[in-house]
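Chemist: please work out how this folds:
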Amino acid sequence: MSASVTDIIKTYSLYVLPQHALTRIVYWLTRQQSSLTAPVIRWFAKKFDVDMQDAVNSDLNAYPTFNTFFTRPLKPSARPIVADDDAIACPADGKISAMGNITDARVFQAKGIDYSLLNLLGGDGEATKRLGNGRFTTIYLSPRDYHRLHMPLSGRLIKQSHVPGRLFSVGPHTVRALPDLFTRNERVIAQFETEQGLMALVLVGAMNVAAIETVWHGLVTPPQRSIISHEDYSESSESVRLDKGSEMGRFNMGSTIIVLLENSANWSGDLQAGDAVRMGQLIGKVS
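Modeler: Just a heads-up that it's a prediction; the model follows:
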């Protein structure tokens, strides 16, 4: 679907905003304890129709800060993880934005919209070569969704990269209106060696995504950096190995995770762009 006039106006109006400054204010506010915390949480839950039944603590008044509510854990039984070794588990609750093939190191987000895999990966040529004709899926997390991110396959961490950038919204209207959106925005990239080949998880920041964390590093951003950074874990004496379904990171507010796989993946035929998905469910199989 092409961008409408409304899409364009909503998207390009963000150019004039101090995106990082506003987002850092949100970061600070969501970690404050005050008499306004509970009312704000209740308002947010009602406005976005947040389902609390699966939360470890379903009492909205029990969360001391907005951030503890937003990154709330779920009951272990709430998201069963697909068990077969060749099964790919959905990494997050959200909606599928796109899924398909990577062709000649180009990721095709929608009809007429594609972007460079090399740029997405922060100029990592080795990873681009391995993933350049693989598979991808993009999942958008709305404000109402569970915001912890989990492993689609078991793997060993070999690299983490942080790529500075803008903080445009990653909502559907922006995807339609702004070329190369995912290569413009700030992002954290985690690469894993799996039994099925290289897997990269790209955590894309956005307006009001006040923090991106990984379980092995902690808070990656903020602070904001001006240059791309890469951390090599391939020779680490304390290697990080995570099983399928294990938590690997988390967002604040809505954002997007992109799963990149080196080898062939057959995405589930009953899934398509716009479909709602839940963490742990089967989204495809590797061959």
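
Chemist: center of this structure, which residue is that?
Modeler: Residue closest to the average C-alpha location in the chain (C-alpha atoms, centre = their mean): Ile257, at 2.5 Å.

Chemist: now do the same end-to-end measure for stretch 200-208.
Modeler: By C-alpha to C-alpha, to the nearest Å, the extent of stretch 200-208 from end to end equals 24 Å.

Chemist: returning to what we had before: and the residue nearest to the centre of the chain, which helix or strand is it part of?
Modeler: Following DSSP states H and E, one finds Ile257 within strand 255-261.

Chemist: bridging residues for the residue nearest to the centre of the chain?
Modeler: In this entry, Ile257 is beta-bridged to Ile139, Leu203, by DSSP bridges.

Chemist: look at the residue of the chain positioned farthest from its centre and tell me its secondary structure.
Modeler: Centroid-distance maximum for the chain: Ser35 at 31.4 Å, with C-alpha atoms, centre = their mean. At Ser35, secondary structure determined by DSSP: H, G, I helix; E, B strand; the rest coil is coil.

Chemist: and the contacts of the strand holding Ile257?
Modeler: Identification of contacts with strand 255-261 by C-beta atoms under 8 Å, 6 or more residues apart in numbering yields 88, 91-92, 94, 97, 102, 107, 117, 120, 131, 134-141, 149, 152, 170, 182, 196-206, 209, 286. (C-beta placed from N, C-alpha, C; glycine too.)

Chemist: again, but for stretch 222-238
Modeler: 20, 24, 27, 122-124, 157-164, 186, 210-211, 216-217, 239-240.

Chemist: at 10 Å instead, please
Modeler: With C-beta atoms under 10 Å, 6 or more residues apart in numbering as the test, stretch 222-238 has contacts from 20-21, 23-24, 27, 121-124, 156-165, 167, 186, 189-193, 205, 210-212, 216-217, 220, 239-240.
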